[in-house]
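Colleague: The following block contains a protein sequence and its predicted model.
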Amino acid sequence: MAAENDKSRLDDAARAGWLYFIAGHTQDEIAKMLQVSRASAQRLVSLCLAERLITFRLEHPIAACMELAARLKERFDLAHCEVVPADPAAPQATSGIAERCANLLDATLRSETPVIVALGTGRAVRAAVERVTPIDRPNHQIVSLVGNISADGSASFYDTVGRLADRTGARHYPMPLPFLMSSEDERNKMVRIEPIAKVKAVAAKADLRLVGIGQMDQKAQVHIDGFVTRDELFEMMRLGAIGEITGWAYDSKGRLLKTGTNKRLTSIPPEVPAKTTTIAAAVGAAKVPAIAAALNGGLVNGLITDETTARAILER
């Protein structure tokens, strides 16, 4: 009974949201149409937004953002670049770049021709996947670039492959390995196992790679999420690591390190230089050095960021 009531309330919220945002009615008019009080109509519209029963996309390009994107494309020879407006109240917020990433995924997944999408992890990528419009594409393939099991055996909350498969009906290929193995020899043995080799083979044929970029400092997400220890993080920092993509640490010139945790990492390494369309989604002042290094090193050939971050990159 409770489930039926919840469904009925969401139906009412969806109807109220459609009447308000699509049909353009006032809340007073909606209250009369639905035979509820104005306060109830207002709550239903708010519930529609809170439950993401209706979403919005900005279609009008903003000139300042377009100019920044053009400058980034020219400077770093990018195949793709989008810059979204910054939110002064929340400079670290990923909602803006997530919306554009979702638009990119939607455009890719609408294809009737089978496509392969390879995904990294991270908050922006996960948020983008949550915004993808559900579509039935059983001939597409979604593949993980990252081993998503941490040292304590738990899986990353920000794993994206299964969630995107749920929204598309596509076949999906997770990377069922620990993020780090105990030794380089053990890593080499594990990645040769036939099921893992098959995942890597699918990823090698990807039409699109969508990844996050992480900074390598005391607030590094790979440490906060439990994939590397404090000692491992500090070791990589001492070795010159400034950023990471799918766990692969690189220095200030965008060169992948040949030592440290990179020797035990199970994730699929970035192409150097990137040949597959490889889009990084990243925002925030703390990530500027890591983003700039990745662009300079050719680890990615596309970027989705906000205008504040874009300006900071161009000023370096």
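Modeller: Yep, that arrived.
Colleague: use CA for all of it now, contacts and neighbours both
Modeller: Fine.
Colleague: now the helices for the stretch 101-250 of the chain?
Modeller: Here the stretch 101-250 of the chain has its helices, by DSSP state H, counting those that start in this stretch, at 123-131, 161-168, 184-190, 194-204, 221-224, 230-238.
Colleague: Determine which stretch of the ones you listed is the most buried.
Modeller: helix 123-131 (a mean of 23; mean count of other CA atoms under 10 Å).
Colleague: for Leu303, helix, strand, or coil?
Modeller: Secondary structure for Leu303, judged by DSSP: H, G, I helix; E, B strand; the rest coil, is strand.
Colleague: Tally up the residues packed near it, please.
Modeller: 29 (other CA atoms under 10 Å).
Colleague: got it, and Lys32?
Modeller: Around Lys32 there are 12 residues (other CA under 10 Å).
Colleague: Repeat that for the one 4 residues further on.
Modeller: Under the neighbour criterion other CA under 10 Å, Val36 is assigned a count of 13.
Colleague: Check the spacing between it and Gln92 real quick.
Modeller: Between Val36 and Gln92 the computed distance is 39 Å (CA to CA, to the nearest Å).
Colleague: separation between Leu295 and Val272?
Modeller: Distance from Leu295 to Val272, by CA to CA: 11 Å.
Colleague: And for Glu232?
Modeller: Distance from Glu232 to Val272, by CA to CA: 24 Å.
Colleague: Let me see the contact set for the residue most central in space within the chain.
Modeller: Central residue of the chain (CA atoms, centre = their mean): Val125, 1.1 Å from the mean position. Counting by CA atoms under 8 Å, 6 or more residues apart in numbering, Val125 makes contact with Ala98, Cys101, Leu119, Thr160, Leu210, Val211, Gly212, Ala281.
Colleague: Can I get those residues in TSV including distance to Ala50?
Modeller: Output for those, formatted as TSV (distance: CA to CA, whole Å):
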residue	distance to Ala50
Ala98	17
Cys101	21
Leu119	27
Thr160	22
Leu210	27
Val211	27
Gly212	26
Ala281	24
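Colleague: wait, doesn't Ala253 sit right on Ala290?
Modeller: Careful, residue 253 is Lys; it's not Ala. No - between Lys253 and Ala290 there is no contact under CA atoms under 8 Å: 9.4 Å.
Colleague: between those two, which one's more packed in?
Modeller: Ala290 (28 against 17).
Colleague: what does the helix or strand where that one lies contact?
Modeller: Ala290 is part of helix 288-296, with elements assigned from DSSP states H and E. For helix 288-296, contacts defined as CA under 8 Å, 6+ apart pick out 76, 213-216, 242-244, 250-254, 282, 300-301, 309, 312-313.
Colleague: quick one: which of the residues you listed sit in strands?
Modeller: Gly214, Gln215, Gly243, Glu244, Tyr250 (DSSP state E).
Colleague: Top of those residues by number of neighbours, please.
Modeller: That'd be Gly243 among the ones in strands among the contacts of helix 288-296, by other CA under 10 Å, with 29 neighbours.
Colleague: my read: that one touches Lys253, true?
Modeller: No - in this structure Gly243 lies outside contact range of Lys253 using CA under 8 Å: 10.3 Å.
Colleague: How much space separates the residue nearest to Cys48 when sequence neighbours are not counted from Gln27?
Modeller: Counting by CA to CA, 6 or more residues apart in numbering, Cys48 lies nearest to Ala13, which is 5.0 Å off, once chain neighbours are set aside. Distance from Ala13 to Gln27, counting by CA to CA: 12 Å.
Colleague: Counting neighbours, go ahead and name the busier of the two.
Modeller: Between Ala13 and Gln27, Ala13 has the larger neighbour count (other CA under 10 Å), namely 26 against 22.
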